[in-house]
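1. 3D model of this:
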Amino acid sequence: MNWKSLFIDNHFGKGKIPSPIAQVLGIFAAALLMMLAGGVASSANWTWMVAGAMLMFYALVNSVLSIFAAQRMRYYQFSLYGTMFLFFALGGLAQLISGQSIFEGPANNRSIFIVLLLAYFSLMALAFMLRSLADFMKAKDEEIHKN
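-> Okay, the predicted model is just below:
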């Protein structure tokens, strides 16, 4: 595996940002550790809470970092693949560790996952608009200084 592919160029300056693949790997590893550490001693809802929290954390981090990605469309493509993987992998892992289906539990875990998916798309849309606005303002600023 080429470790350089886990980081991508920053659009606004020097340095690199983690690619969506690196983010997914980190979130999945952290969720797995927390589920295994707390899932054995805690209630069955612990694993579902960890899955939901890690999905929300991924949505927040991923949308903020998407503003800085140099290749925006490629970043969004891998973000969507990563989101699909995390939703299925963390849901399956939570079900495997807790023994509780996504349709069971006091909070009905399915509705939580639907809300998290809507939150992810809302945050990504907001980040897309912010980046578009920043690009537009940068172009106008360059146009003004050129004249």
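
2. need the contact list for the residue nearest the centre of the chain.
-> By CA atoms, centre = their mean, the mean C-alpha position of the chain lies nearest to Tyr58, the distance being 2.9 Å. Shown in contact with Tyr58 (CB atoms under 8 Å, 6 or more residues apart in numbering): Gln23, Val24, Ile27, Gly82, Thr83, Leu86, Tyr120. The C-beta positions use only the backbone N, C-alpha and C, and glycine is treated the same way.

3. any idea how far it is from Phe7?
-> As for Tyr58, its distance to Phe7 is 17 Å (criterion: CB to CB, to the nearest Å).

4. try Ala139
-> For Ala139, the distance to Phe7 - CB to CB - is 27 Å.

5. Same drill for the two, tell me which one is more crowded.
-> Legend: neighbour count by other CB atoms under 10 Å for Ala139 and Phe7, higher for Phe7 (13 against 10).

6. Contacts made by the lowest-mean-pLDDT helix or strand in the chain with the rest, please.
-> Using mean pLDDT, DSSP states H and E, strand 7-9 stands out as the lowest-scoring helix or strand of the chain, at a mean of 76. Around strand 7-9, the neighbours that count as contacts under CB under 8 Å, 6+ apart are Lys16, Ile17, Pro18, Ser19, Ala22, Ala69, Ala70, Gln71, Tyr75.

7. TSV for the residues you listed, including secondary structure, neighbour count and distance to Leu126?
-> TSV is the format used below for those (DSSP: H, G, I helix; E, B strand; the rest coil; neighbours: other CB atoms under 10 Å; distance: CB to CB, whole Å):
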residue	secondary structure	neighbour count	distance to Leu126
Lys16	strand	13	23
Ile17	strand	21	18
Pro18	strand	16	20
Ser19	coil	21	21
Ala22	helix	17	22
Ala69	strand	23	15
Ala70	coil	13	20
Gln71	coil	12	20
Tyr75	helix	21	15
